[in-house]
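Peer 1: fold the following, please.
(one chain, ligands or ions: 1)
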Amino acid sequence: MTTTGAARPESAALERYEAVIGVEVHCQLRTASKMFCSCSTAYDGARPNSHVCPVCLGLPGALPVINRRAVELVLATGAAIGAETPDATRWDRKNYFYPDLPKGYQISQYDLPLASAGALSFDTSDGPVTVRITRAHLEEDTAKLVHGAGPAGQRVSLVDFNRSGVPLMEIVTEPDIRTAEQARRYAEELQLLLRTIGASDADMERGQLRVEANVSLRPRGSEPFGTRVEVKNMNSFRSVEHAVAFEIERQAAALDAGEALRMETRGWADDRGETYHMRSKETSDDYRYFPEPDLPPLRVDAAWLAQIRAELPELPAARRARYRDALGLSAYDAAVLVADADAGHLFEATVAAGKGLEPKPIANWVTGDYLRIRNAADGTVAVDPAALAALVGLVAEGSLNRTSAREVLEAHVATGEGVDAIVTRLGLRQISDAGALGKVVDEVIAANPDAVADVRAGRAQAIGFLVGQVMKATRGQANAAVAQAALRERLDATEKG
Ligand SMILES: [Zn+2]
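Peer 2: Okay, the predicted model is just below:
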């Protein structure tokens, strides 16, 4: 099997087989303290095992206390995906042994998740897609194993408990996803939603958003699901798409060759562009769930839930719809502005600052030149919304051409100077008044008798040459359309006279 499947996301395999894909996401919730203790979650860059206590170390006799904020963030996620919320839920112990789990069990939620039966909709290159979300529940993260070399060069595994007990939300979809692109887009839209409602920073590279995909194929037109393979270790959205595409190709090739697929967990090797066998999954794991005896059941009262709903910000889908329907933006501009927090803020603030300006040209400046400058700067750049509004206004009234305006924006980003000051300093104000151009137009006509003769003989491109001479004489400040009209008017008048 080659890796071409990764390069061609939607391939011929999908003509014969239908992919059935479910996605499972674990995301670290944005809380100040851990799930069941008061240890700080701000351990990024901290010394290993410096953010620990008896509870998150799993010491005998230590008692957990529920982090109310973590519960609220799962309830807010449920509200944002239109999920159902139980009146009461409880905590369950999920029992298994692993060195990163000192208690020998994880406190989780089994049959009463805080959110169930929701959905998430997003756009793809094939149109809009809605994926049903089975459930979202709350649990605690495990510690982290660090594999390295000991003093004598021997292989050692170390445990860092800073991550142990961080609140984790697991979000599971129905097997509604059909293509690798849909899998990537689902994960992207979920990240956007989680960030919008403040539930998680959801940074994939920092392990705050971990995506797993269950992939199986069935011949087109058949109902029963094929053998399911779990794919994990994808640490970017691009990896999600490539891993799922690779897995579709791999399974299709095996089925075509008459090979039986096996239930297994496969990892994604980004450098090799392929999935690899991690472990077999012949039987489903038996975690022997039972209710957590150290925690009381959790009641979700209606007033609490109503308050959480009321505090939800405008969600990404609603904001895209508003940009399209109320502000007249293209679907593309709306998607870019909503997906990029900096661009979205700049757009909103510029619309607010530029009373009377059309939103559409503002969106063009933000999604075009602003993002180009920012991406080239490889970081944040400061644009004053009032300055951008002034710039868009000058272009709209014909006082500044696009090229000059771009130059002004770059100067503003570099110096923070106001737009009017830059325009004056660089002498960029466009001359759109035909009267003001009159003298230059006369001079150009007098100095270029050959071109004038060509225009009179009906050679259209000659007028372009004359306009170019006007631009040159005004150091680019003339409005080209006004200059051309003025030239024609003079030539017509002198011809008749
Ligand atoms: Zn702790």
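
Peer 1: C-alpha only now, for contacts and for neighbours.
Peer 2: Fine.

Peer 1: and the helices in the stretch 51-200 of the chain, which stretches?
Peer 2: In the stretch 51-200 of the chain, the segments counted as helices under DSSP state H, counting those that start in this stretch are 68-80, 180-196.

Peer 1: next structured bit after the last one?
Peer 2: Put plainly, it is helix 180-196. strand 209-219 (DSSP states H and E).

Peer 1: what lines up beside the following helix or strand past that following strand in the sheet?
Peer 2: Next helix or strand after strand 209-219 toward the C-terminus (DSSP H and E): strand 229-234. According to DSSP bridges, strand 229-234 has the following sheet partners: strand 209-219 (antiparallel), strand 264-269 (parallel).

Peer 1: how far does strand 229-234 sit from its chain's centre?
Peer 2: Relative to its parent chain, strand 229-234 has a centroid offset of 21 Å by C-alpha atoms, centre = their mean, to the nearest Å.

Peer 1: avg pLDDT for it?
Peer 2: Here strand 229-234 scores 95 as its mean pLDDT.

Peer 1: now the angle between helix 180-196 and the next helix or strand after that strand, please.
Peer 2: Next helix or strand after strand 229-234 toward the C-terminus (DSSP H and E): helix 237-256. Put simply, helix 237-256 runs at 150 degrees to helix 180-196, going by axes from the mean of the first three to the mean of the last three C-alpha atoms, to 10 degrees.

Peer 1: packing partners of helix 237-256?
Peer 2: Helices and strands touching helix 237-256, by 3 or more C-alpha pairs under 8 Å, 6 or more residues apart in numbering; DSSP states H and E, are helix 4-7, helix 13-16, helix 180-196, strand 209-219, strand 229-234, strand 274-280.

Peer 1: now do the buried residues in that helix.
Peer 2: Of all the residues in helix 237-256, those buried under the rule 16 or more other C-alpha atoms under 10 Å are 237, 239-252, 255.

Peer 1: again, but for stretch 210-230
Peer 2: By neighbour count on 16+ other C-alpha under 10 Å, the buried set for stretch 210-230 is 210-219, 226-230.

Peer 1: and which of these is nearest the ion?
Peer 2: The nearest member of the buried residues of stretch 210-230 to the ion, counting by C-alpha to the ion, is residue 210 at 22.5 Å.

Peer 1: quick check: residues of the protein near the ion?
Peer 2: 37, 39, 52, 53, 56 (C-alpha under 5 Å from the ion).

Peer 1: measure the third one to residue 193 for me?
Peer 2: In other words, residue 52. 30 Å (C-alpha to C-alpha, to the nearest Å).

Peer 1: look at residue 438 and report its pLDDT.
Peer 2: 85.

Peer 1: related to what we said a few turns ago, possible to save the helices of the stretch 51-200 of the chain as TSV with mean neighbour count?
Peer 2: Shown next, in TSV, are those (neighbours: other C-alpha atoms under 10 Å):
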stretch	mean neighbour count
helix 68-80	22
helix 180-196	22
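
Peer 1: now those as JSON lines including distance to residue 294?
Peer 2: Shown next, in JSON lines, are the helices of the stretch 51-200 of the chain (distance: least, C-alpha to C-alpha, whole Å):
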{"stretch": "helix 68-80", "distance to residue 294": "16"}
{"stretch": "helix 180-196", "distance to residue 294": "30"}
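
Peer 1: between those helices, which one is nearest to residue 159?
Peer 2: Residue 159 lies closest to helix 68-80 among the helices of the stretch 51-200 of the chain, at 24.8 Å (C-alpha to C-alpha).

Peer 1: who touches that closest one?
Peer 2: Helix 68-80 is contacted from outside by 29-31, 35, 84-85, 114-116, 118, 136-138, 167, 169, 193-194, 197-199, 305, 308-309, 312, 315, using C-alpha atoms under 8 Å, 6 or more residues apart in numbering.

Peer 1: among those, which are in strands?
Peer 2: Among the contacts of helix 68-80, the residues falling in strands (DSSP state E) are 115, 116, 118, 136, 137, 138, 167, 169.

Peer 1: residue 451: which of those is nearest?
Peer 2: For those, the nearest to residue 451 is residue 118 (70.4 Å; C-alpha to C-alpha).
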